[in-house]
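Trainee: quick one, structure for this:
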Amino acid sequence: MKPKLYHLSHIDLDGYGCQYLTSQAFDEVSCYNANYGPEVGARLREIIKDIIKDENQSNAIILITDLNLTPKEANWIEKEARALGAGLQLLDHHITGEKTALNHAEWYHLDINHCGTWLTYKWLQKKYDFDAKNEFKEIVETINAVDMWHSNSDLFEYGKVMMSMISSAKEINRAMFPAEDTAFKLSLIDHARSMLGNSDAHIALDDAAHRLKKQFFIVKKNNTKDNLVASYITDLLSSQKERFTITYQGYKGVLGYNIGNTSIIGNTFLVQNPDYNFYMDVNYRGNFSLRGNDTLDLSIMAAQVGNGGGHKNASGGKIEEYQDSFIYEEVKNFVQAYLNDKAFENKA
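Mentor: Residues are numbered from 1 along each chain as shown. Below is the predicted model:
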């Protein structure tokens, strides 16, 4: 039985390139993504919690790619992995991890001459006989060319288009919908792989980028990309609404985090879910927008909750002393506790 992979990677083309390969090589992959800094530690803790929930803990492998760890992070994840009997492997090329790599040479592989995707490819080939027919070799070399900035490579320009395509793929909020966000980006890489080798491939990919993004969101019929994305996000909110549900003074709402497009998404969600009274979207600074359906005066709620105001069905404000997090559930827990406190204050 193949192990289950818990794969943490960076949030650029190289990081998602690593996950594109492991998703081809493993039957079960849980993907996590982080930018440098404190988000790395937050995602590592999330991985450990998820492994603990898994009945087959000893069959787990923690793979970290295109990210370097601090000594403290490395010591912590090594201790946790050993306690769970999980495998541990890091593949990175950032020289800032040199000291940590020396102290954890058993599992921390540092190679500053190749990108994370290339290192992941070689690791998969060696450990799991991956890609015997070299079907993924050219896409790996493309990502390596742009990530290591080999501008003389014939694949460099194609890699540049791929890099831009991934960096601009922000249609899905990765904090709320990490699996869908990763699937979206991996689908773009897969399309890019299929177009390699065409005449003027970099121009063809650049021309096709908008179409390829729209293609991911089309369910029934074509529309503008904005409308397709709004419909897709609304459907995700509706299908997972129990996870996003919050309450205020007995009224039921759903909490979005940094989604934006509040009017379209909020109003559409409330039409589809008439048992809900309000939609709330909060950003990383604590600013929030509210949308309603005539069942709750949001101008009063906004004033009570965040010294805000507006209209009965469209208002906003700001949560003072807001505590942000990389983990959606932590954001939701904070907001719900805050709403409970405000409900008690205004009831008294």
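
Trainee: which non-adjacent residue is nearest Ile47?
Mentor: Tyr6 (4.8 Å; CB to CB, 6 or more residues apart in numbering). Backbone N, C-alpha and C define where each C-beta goes, glycine included.

Trainee: one more: Thr234?
Mentor: The nearest residue in space to Thr234 (CB to CB, 6+ apart) is Thr268, at 4.6 Å.

Trainee: point out where the stretch 101-250 of the chain drops to low pLDDT.
Mentor: Nowhere does the stretch 101-250 of the chain drop to pLDDT under 70.

Trainee: show me where it has strands.
Mentor: Per DSSP state E, counting those that start in this stretch, the stretch 101-250 of the chain carries strands over the ranges 108-110, 245-248.

Trainee: packing partners of the longest one?
Mentor: If you count contacts as 3 or more CB pairs under 8 Å, 6 or more residues apart in numbering; DSSP states H and E, strand 245-248 packs onto strand 251-257, helix 328-347.

Trainee: related to what we said a few turns ago, any idea how far the residue nearest to Ile47 lies from Val29?
Mentor: Between Tyr6 and Val29 the distance is 8 Å, computed by CB to CB, to the nearest Å.

Trainee: tell me which of those two has more neighbours.
Mentor: Tyr6 (27 against 17; other CB atoms under 10 Å).

Trainee: any idea which element the more buried one lies in?
Mentor: Applying DSSP states H and E as the criterion places Tyr6 in strand 4-9.

Trainee: distance between that strand and the chain's centre?
Mentor: Offset of strand 4-9 from its chain centre (CA atoms, centre = their mean, to the nearest Å): 13 Å.

Trainee: quick one: Glu336 and Thr247 touch, right?
Mentor: Careful, residue 336 is Gln; it's not Glu. Yes: contact between Gln336 and Thr247 holds when scored by CB atoms under 8 Å: they sit 7.4 Å apart.

Trainee: before we move on, back to that, sheet-wise, list the partners of the strand holding Tyr6 with their directions.
Mentor: Strand pairing for strand 4-9, determined by DSSP bridges: strand 29-33 (parallel), strand 60-65 (parallel).

Trainee: hmm, back to that, for the strands of the stretch 101-250 of the chain, give me JSON lines that also has distance to Arg285.
Mentor: Shown next, in JSON lines, are these (distance: least, CB to CB, whole Å):
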{"stretch": "strand 108-110", "distance to Arg285": "36"}
{"stretch": "strand 245-248", "distance to Arg285": "19"}
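
Trainee: deepest-packed of those, please.
Mentor: Stretch with highest mean neighbour count among these: strand 108-110 (a mean of 20; mean count of other CB atoms under 10 Å).

Trainee: list the contacts of that strand.
Mentor: 68-69, 74, 89-95, 97-98, 100-101, 119, 123 (CB atoms under 8 Å, 6 or more residues apart in numbering).

Trainee: partners of it, with directions?
Mentor: Partners of strand 108-110 in its sheet, by DSSP bridges: strand 87-92 (parallel).
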